[in-house]
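# Could you look at this predicted model? Sequence included:
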Amino acid sequence: MREFSQEFQSELLNLMKWRRDVRHFKTDPVPLDVLNDCLTAFETAPSVGLSEPWRIVNVTSKSARAAALANFEVANQEALSAYRDTQAETYASMKLTGMREAPVQFAIFCDEGTGKGHGLGARTMPEMRRYSVVAGIMNFWLAARAKGLGTGWVSILDPDQLRRDLDVPDNWSLVAYLCIGWPKEDTLTPELENIGWETRDPTLAHLLER
């Protein structure tokens, strides 16, 4: 088996620590060659049955971006109504998307009807295809961070509406809407932790034995 140096292992851990969900972007463009290099990270991602079910839509037109942003604004208002008192005030104060500024925006879907992989590993757990897409996204996220790019995952959306707005097949399910660009600042601490919304638990707190 290939072994990696202690220095590499340390840098890999640093890369994972510095991966943040970015919502504050500069509007500077991302060079196409840099973006394409990051996208090749999907090629190394694991996928159930080697199905590679990720489908990436580059959202570039003004109309498509406007529809996605309107989708977020409706869903965000609905989410706000579920909170009360100081929690509602905190929620309302948060910047939860970089959709207005991010120069690159991807809608990433899972092709639930793909024949690639011949159903291996997905017959009893079809959700494995979506998990495969998530694995590809994480590869991309780390590759982008290594090049200094920030990525923000927007999940406050109506997935069915977005699928219709982007005119993609009905058997594609939305996994992520990603905003990508150069972050305005770097930080090791999640923004939600900085504002007191939630704190991290130590990994071993989630370790169970049976």
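Done, it's in. Residues are numbered from 1 along each chain as shown.
# Check the residue nearest to residue 20 when sequence neighbours are not counted and give its pLDDT.
Nearest residue to residue 20 in three dimensions, chain neighbours excluded: residue 187, at 6.2 Å (C-beta to C-beta, 6 or more residues apart in numbering). Placement of C-beta: from N, CA and C, glycine included. Residue 187 carries a pLDDT value of 91.
# Using the three-state scheme, assign residue 187.
coil (DSSP: H, G, I helix; E, B strand; the rest coil).
# Give me the neighbour count for it.
13 (other C-beta atoms under 10 Å).
# Secondary structure element holding residue 87?
Applying DSSP states H and E as the criterion places residue 87 in helix 85-93.
# got the buried residues for that helix?
For helix 85-93, the neighbour count (16 or more other C-beta atoms under 10 Å) marks residue 91 as buried.
# ok, residues contacting that helix?
Residues outside helix 85-93 that contact it (C-beta atoms under 8 Å, 6 or more residues apart in numbering): 79-80, 83, 195-197.
# all strands of the chain, in order?
Along the chain, counting by DSSP state E, strands occupy 54-58, 104-111, 150-154, 172-181.
# ok so, going back, just checking the distance from the helix holding residue 87 to the centre of its chain.
24 Å (C-alpha atoms, centre = their mean, to the nearest Å).
# which phi and psi does the residue nearest to residue 20 have?
phi -150, psi 150 (degrees, to the nearest 10).
# Against residue 194, how distant is it?
Applying C-beta to C-beta, to the nearest Å, the value for residue 187 to residue 194 is 8 Å.
# Also residue 73?
For residue 73, the distance to residue 194 equals 24 Å [C-beta to C-beta].
# partners of the residue nearest in space to the middle of the chain in the sheet?
Centroid-nearest residue in the chain, with C-alpha atoms, centre = their mean: residue 153, separated by 3.7 Å. Note on residue 153: beta-bridge partners by DSSP bridges are residue 178.
# count of residues packed around residue 162?
Residue 162 has 23 neighbouring residues, counting by other C-beta under 10 Å.
# isn't it right up against residue 69?
No. Here residue 162 lies out of contact with residue 69, judged by C-beta atoms under 8 Å, at a distance of 10.8 Å.
# and the helix or strand of the chain with the lowest mean pLDDT, how far out from the chain's middle?
The weakest-scoring helix or strand in the chain, judged by mean pLDDT, DSSP states H and E, is helix 191-194 (a mean of 92). Distance, stretch centre to chain centre, for helix 191-194: 18 Å (C-alpha atoms, centre = their mean).
# related to what we said a few turns ago, out of the strands of the chain, which gets nearest to residue 9?
Shortest distance between residue 9 and the strands of the chain, using C-beta to C-beta, is found for strand 150-154: 22.9 Å.
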